[in-house]
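>>> Any chance you can model this:
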Amino acid sequence: MSLFTIDKEKCVGDGACAAACPRNIIQIKENLPTPVAEAETLCINCGHCVSVCPHGALSLKTMSPEQCTSLPENWQLSPDQIELFFKGRKSIRCYKDEAVECEKLLKLIDIARYAPSGINLQPVKWLIIENKDDVQHLAGIVIDWMRNLITAGNPIAEALHFQGIVSAWEADIDLVCRNAPHIIIAYGLQADMTAPQSCMIALTHLELAASAFKLGCCWAGYFQMAASMWPPMQEALKINRRQASYGAMMIGYPKFQYKRTPLRNEAQVTWR
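Take a look at the predicted model:
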């Protein structure tokens, strides 16, 4: 089977598939889309050609229009809605003592897997720390890492005020994982140069989608630093040595609901 097939009765030869192809491997010949010579090798299976055709005339050998979710005409949010949504988003650091249903966590990841990735490599892998006791155990390992840096006089410890975080931990105040019931980690192959950015983008999608499920998220920065720098943390996460964590997210049901958007600095914009 060729890279793609065309339903000649549906195709109108408008060239939308060729224009939308990020690899420029579709050309219009005799009013029909035709793959270029190296199309099989260059195709990244992104499906843009299938998605853009309003007539459902093009089918990749890996996907047909019928297999793809149809978008209604009014699927986009309005400018006012998107502004309110983004300005209303908050990093949640106070959680209810309530576990999130596994189905919700999996649904969020199912949504986040549609985040863009370099040349559609989709390199993101996911690790869910489901048990709250395990989250606290890992937070304790982060504290051990902080203590190690404090003892070594590492400037990171002073710059990020690790002593205060350790002292809070010793007073039963968790400033590492904020007593979140779960942590979601995005990781990928160290040799894949697209993995770090792809993981960050995917986690951002997950964070933004979480509010639709009445969930709140917060980037677990200390957790991620330890995961990238502290061998005991890497061993505890049991991630293959050829792979690395590129982002961690606390997630749970918010204990409080925010009622207004705080002020932020004006954007600094340079026009050229």
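>>> which parts of whichever strand or helix holds P33 are buried?
Using DSSP states H and E, P33 sits in strand 32-35. By 16 or more other Cβ atoms under 10 Å, the buried positions in strand 32-35 come out as P33, P35. Where you see a C-beta, it was placed from the backbone N, CA and C, and this is true even at glycine.
>>> try stretch 136-149
L138, A139, I141, V142, I143, W145, M146, N148, L149.
>>> mind listing what the first one touches?
With contact taken as Cβ atoms under 8 Å, 6 or more residues apart in numbering, L138 is in contact with I129, C177, I183, F223, M233, A236, L237.
>>> In helices, which of those fall?
F223, M233, A236, L237 (DSSP state H).
>>> State the pLDDT value of the third one.
Residue-level confidence at A236 comes out at 98, pLDDT.
>>> Just want the most central residue of this protein.
Nearest to the mean C-alpha position of the chain, by Cα atoms, centre = their mean, lies A202 at 1.3 Å.
>>> Export the buried residues of stretch 136-149 to JSON lines and append columns for distance to L106 and pLDDT.
Output for these, formatted as JSON lines (distance: Cβ to Cβ, whole Å; pLDDT from 0 to 100):
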{"residue": "L138", "distance to L106": "21", "pLDDT": "98"}
{"residue": "A139", "distance to L106": "24", "pLDDT": "98"}
{"residue": "I141", "distance to L106": "26", "pLDDT": "98"}
{"residue": "V142", "distance to L106": "26", "pLDDT": "98"}
{"residue": "I143", "distance to L106": "30", "pLDDT": "98"}
{"residue": "W145", "distance to L106": "30", "pLDDT": "98"}
{"residue": "M146", "distance to L106": "32", "pLDDT": "98"}
{"residue": "N148", "distance to L106": "35", "pLDDT": "98"}
{"residue": "L149", "distance to L106": "36", "pLDDT": "98"}
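>>> right, and F213 touches L105 too?
No: using Cβ atoms under 8 Å, F213 is not in contact with L105; the gap is 9.1 Å.
>>> More neighbours: these two, which one.
L105 (21 against 17; other Cβ atoms under 10 Å).
>>> and the more buried one, what element?
According to DSSP H and E, L105 maps onto helix 102-112.
>>> Show me the shaky parts of this protein.
1 (pLDDT under 70).
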